[in-house]
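Trainee: Build me a model:
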Amino acid sequence: MNNINNKIITNLNLKKILTENNFLENKFKINFSIMFFSDVRKNIHNKKKYDFMRDATIFADSENFTAIYIPERHFHKYGSIYANPAVIAAYLIPQTHNIRFRTAGISLPLHNPIEIVEWWAINDILSNGRIDLGFGSGWNKTDFIFAPNNYENRKSICTKNISKVQKLWRGEEVLFLDSDKKQIPVITYPRPYQSDIKIWLLVTQNDEGFIYAGKKGYNIFTMLYGNDLNTMKNKIILYRNSRKSAGLNPDDGIVTLMLHTLLLEKNTQVEKAVKDPFMKYIKNLMEAHLKAAIDQKRGKPLNNIEKEKILEYSYQRYFKTSALFGTVDEGINIVNKAISIGINEIACLIDFGVDYSIVMKSLLYLKKLMNNYQ
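Mentor: Numbers count the residues shown, from 1 in each chain. Prediction:
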């Protein structure tokens with residue numbers, strides 16, 4: 001009898017320790033979503049890319065994934081099929097029943113907050129309230145053809161306009177300049193299904209961004225771009241502490257981590273399927289960011305040898321430490337590490353050039369992984 005009591009006490013103590021470290025509690029709260037971003041293959045027609053996005057979304061909807069994340073991209077083959085996430089959502093909403101639609105994220109300085117609220121209020125009505133909005137300040141200088149005067153102050157404009165979006169969504173009057181340069185009060189229509197809108201802020205390396213999001217009560221959308229999980233842990237601590245300092249429940253904020261994802265029966269199958277398309281994916285991403293850095297006078301052109309070294313290093317780092325690649329068991333190890341640093345949701349990026357039939361097969365293994373946390 002004493003052995004039984006000791007065992008019960010030991011189990012209770014273990015549960016207390018795990019709960020205090022937020023592991024046991026968070027383990028059963030981790031959510032899984034699907035993200036689309038950039039299939040850059042030239043031999044695949046754009047219609048087929050949209051068809052794949054539809055098929056993956058319908059699967060995610062039927063298998064109780066939380067959301068799909070849709071980006072906004074302009075003027076580059078990298079992500080170019082997502083020029084308007086509101087249109088994408090309008091196409092998918094009638095074909096789904098449960099899944100939420102989130103942006104990751106709208107480059108808010110490119111737009112008038114009024115049009116953002118109008119577009120997404122329509123989608124909110126059509127989906128019976130399944131819309132959440134994620135915003136970023138934008139980084140690609142060419143994108144600011146839409147709003148050339150906003151580039152230099154894009155971060156401050158983004159933060160101000162998020163507040164305007166929230167007020168307009170709630171039905172409050174917001175002042176805007178008319179054609180006569182006079183400020184007039186605006187209320188947007190149609191009124192959305194939800195009385196308020198959940199906000200995600202796109203933040204990667206900037207500690208101040210995590211602190212600001214916590215202070216404002218926003219959720220976080222992030223990725224391991226130049227970070228690892230240990231570094232990310234410190235940023236999440238800053239975020240939680242900032243929420244607490246602002247009088248908000250530190251545990252209520254959602255931290256969503258984007259991970260490139262492909263799970264199969266064997267690790268060798270994954271590496272074979274991933275290496276070539278992922279190297280091309282990284283190369284296109286690298287070229288886009290290098291061009292942006294040069295445009296902003298923050299770098300100089302690299303020669304081909306330097307590019308190849310960066311490319312190989314990036315691939316090895318991503319595959320081993322910054323992606324959800326491998327078997328279900330390997331995936332569980334990665335998810336557990338993410339949980340241990342305070343991640344609430346994983347946005348599984350699946351359209352980076354792998355053959356669509358393999359990706360759809362991979363989703364079955366991803367569902368198996370997800371079942372461990374439901």
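Trainee: Distance of Ala213 relative to Ile187?
Mentor: 27 Å (Cβ to Cβ, to the nearest Å). Any C-beta I mention is one placed from the backbone N, CA and C, and that applies to glycine too.
Trainee: shaky segments in the stretch 151-300 of the chain?
Mentor: 226, 284-300 (pLDDT under 70).
Trainee: For it, which segments count as helices?
Mentor: 154-169, 207-216, 229-245, 267-295 (DSSP state H, counting those that start in this stretch).
Trainee: Would you tell me which of the ones you listed gets closest to Lys368?
Mentor: Closest to Lys368 of these, according to Cβ to Cβ: helix 267-295, at 14.4 Å.
Trainee: buried sites along the very next helix or strand once past the closest one?
Mentor: Using DSSP states H and E, the next helix or strand after helix 267-295 towards the C-terminus is helix 304-321. Using 16 or more other Cβ atoms under 10 Å as the test for burial, helix 304-321 gives Ser314, Tyr315, Tyr318, Phe319.
Trainee: I'd guessed the last one sits against Phe325; true?
Mentor: Yes: Phe319 lies in contact with Phe325 (Cβ atoms under 8 Å); the separation is 5.7 Å.
Trainee: Kindly reformat the helices of the stretch 151-300 of the chain as CSV containing mean neighbour count and distance to Leu126.
Mentor: As requested, the helices of the stretch 151-300 of the chain are exported to CSV (neighbours: other Cβ atoms under 10 Å; distance: least, Cβ to Cβ, whole Å):
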stretch, mean neighbour count, distance to Leu126
helix 154-169, 19, 16
helix 207-216, 19, 28
helix 229-245, 17, 32
helix 267-295, 17, 32
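Trainee: TSV please, covering those and showing distance to Ile106.
Mentor: Converted to TSV, these look like this (distance: least, Cβ to Cβ, whole Å):
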stretch	distance to Ile106
helix 154-169	9
helix 207-216	15
helix 229-245	21
helix 267-295	18
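Trainee: closest to His74 out of these?
Mentor: The nearest among the helices of the stretch 151-300 of the chain, by Cβ to Cβ, is helix 267-295 at 11.3 Å.
Trainee: in the stretch 1-150 of the chain, which spans are helices?
Mentor: Counting by DSSP H, counting those that start in this stretch, the helices of the stretch 1-150 of the chain are 2-20, 23-27, 46-62, 85-92, 113-126.
Trainee: can you tell me the average pLDDT over the second one?
Mentor: With pLDDT averaged residue by residue, helix 23-27 scores 41.
Trainee: Could I get the contacting residues of Ile30?
Mentor: Counting by Cβ atoms under 8 Å, 6 or more residues apart in numbering, Ile30 touches Val335, Ala338, Ile339, Ile343, Asn344, Glu345, Ile346, Tyr373.
Trainee: Top of these by number of neighbours, please.
Mentor: Ile346 (27 neighbours; other Cβ atoms under 10 Å).
Trainee: and that one, what element?
Mentor: Ile346 belongs to strand 345-349, assigned by DSSP H and E.
Trainee: what's the angle between that strand and helix 46-62?
Mentor: Relative orientation of strand 345-349 versus helix 46-62 (axes from the mean of the first three to the mean of the last three Cα atoms, to 10 degrees): 150 degrees.
Trainee: Partner strands of strand 345-349 and their direction?
Mentor: strand 31-35 (parallel), strand 255-263 (parallel) (DSSP bridges).
Trainee: joint contacts of Phe319 and Phe325?
Mentor: With Cβ under 8 Å, 6+ apart as the test, Phe319 and Phe325 both reach Glu271, Val274.
Trainee: Wait, a helix at Val359?
Mentor: Yes: counting by DSSP: H, G, I helix; E, B strand; the rest coil, Val359 is found in a helix.
Trainee: so what pLDDT did it get?
Mentor: Reported pLDDT for Val359: 97.
Trainee: Which residue is the nearest non-sequential neighbour of it?
Mentor: Closest residue to Val359 apart from its sequence neighbours, by Cβ to Cβ, 6 or more residues apart in numbering: Ile350 at 5.3 Å.
Trainee: That neighbour: how many residues sit nearby?
Mentor: Neighbours around Ile350, by other Cβ under 10 Å: 25.
Trainee: thinking again about what came up before, pLDDT and distance to Ser107 added to the contacts of Ile30, as TSV?
Mentor: Shown next, in TSV, are the contacts of Ile30 (pLDDT from 0 to 100; distance: Cβ to Cβ, whole Å):
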residue	pLDDT	distance to Ser107
Val335	96	30
Ala338	95	27
Ile339	96	30
Ile343	97	24
Asn344	97	24
Glu345	98	22
Ile346	98	23
Tyr373	94	32
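Trainee: any idea which of those is the one closest to Ile282?
Mentor: Nearest to Ile282 among those, with distances taken as Cβ to Cβ, is Ile346, at 20.0 Å.
Trainee: Report the rounded mean pLDDT for stretch 38-45.
Mentor: Here the average pLDDT along stretch 38-45 is 79.
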